[in-house]
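Visitor: Predicted model, plus sequence, below.
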Amino acid sequence: QHLTPDRIEKLERAIPALMKGEKLYTSVSFVNALESAILIHWMHPDTNEEVVVSDLIHPGSVEVQQTHPGHIFVAYDAERQIRKEYVVGAGYGEEQQFRVE
């Protein structure tokens with residue numbers, strides 16, 4: 001495999017975490033600030049298929065996922081009338097919080 005700019009960027013994020021002995025994932029949390037329950041989906045980077053990765057998250061509740069930089073998540077309300085897309089910008093060994101509102 002060749003080192004594409006995307007792979008180089010991922011390595012630049014991963015190496016500091018590895019050197020600190022941290023695990024190679026990014027922790028993201030989704031805070032449900034809506035008045036209705038939501039579901040979180042992960043978007044497959046090659047197919048754009050949206051895969052459900054959470055149970056129903058009730059208003060005021062938080063869902064935490066372990067993922068990788070650049071991954072895309074989509075939040076829907078139960079009726080699928082609200083759709084919010086989130087891109088993980090945190091690096092390996094870091095945390096990021098998304099507020100679904």
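Guide: Arrived safely, thanks for sending. No experiment lies behind these values; they were computed from the predicted model shown.
Visitor: What residues does A75 make contact with?
Guide: When contacts are counted by CB atoms under 8 Å, 6 or more residues apart in numbering, A75 touches F30, I38, L39, I40, H41, I82, R83, K84, Y86, F98, V100. Using the backbone N, CA and C atoms, a C-beta is placed for each residue, glycine as well.
Visitor: if we go to 6 Å?
Guide: Each residue near A75 by CB atoms under 6 Å, 6 or more residues apart in numbering is listed here: I38, I40, K84, V100.
Visitor: so the last one sits right up against N32, yeah?
Guide: Yes. Distance between V100 and N32: 5.3 Å, which falls inside the contact criterion (CB atoms under 6 Å).
Visitor: any shared contact partners between these two?
Guide: Contacts common to V100 and N32, judged by CB under 6 Å, 6+ apart, are I38.
Visitor: Spell out, range by range, the helices that occur in the chain.
Guide: 5-19 (DSSP state H).
Visitor: pLDDT weak spots in it?
Guide: 1 (pLDDT under 70).
Visitor: what are the ranges of the strands in it?
Guide: With DSSP state E, the ranges of strands along the chain come out as 26-32, 38-43, 50-52, 62-67, 72-77, 83-87, 95-100.
Visitor: how about the ones you listed in a markdown table, adding distance to P5?
Guide: Output for the strands of the chain, formatted as a markdown table (distance: least, CB to CB, whole Å):
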| stretch | distance to P5 |
| --- | --- |
| strand 26-32 | 19 |
| strand 38-43 | 21 |
| strand 50-52 | 26 |
| strand 62-67 | 21 |
| strand 72-77 | 18 |
| strand 83-87 | 17 |
| strand 95-100 | 22 |
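Visitor: Many thanks, I have nothing further to ask.
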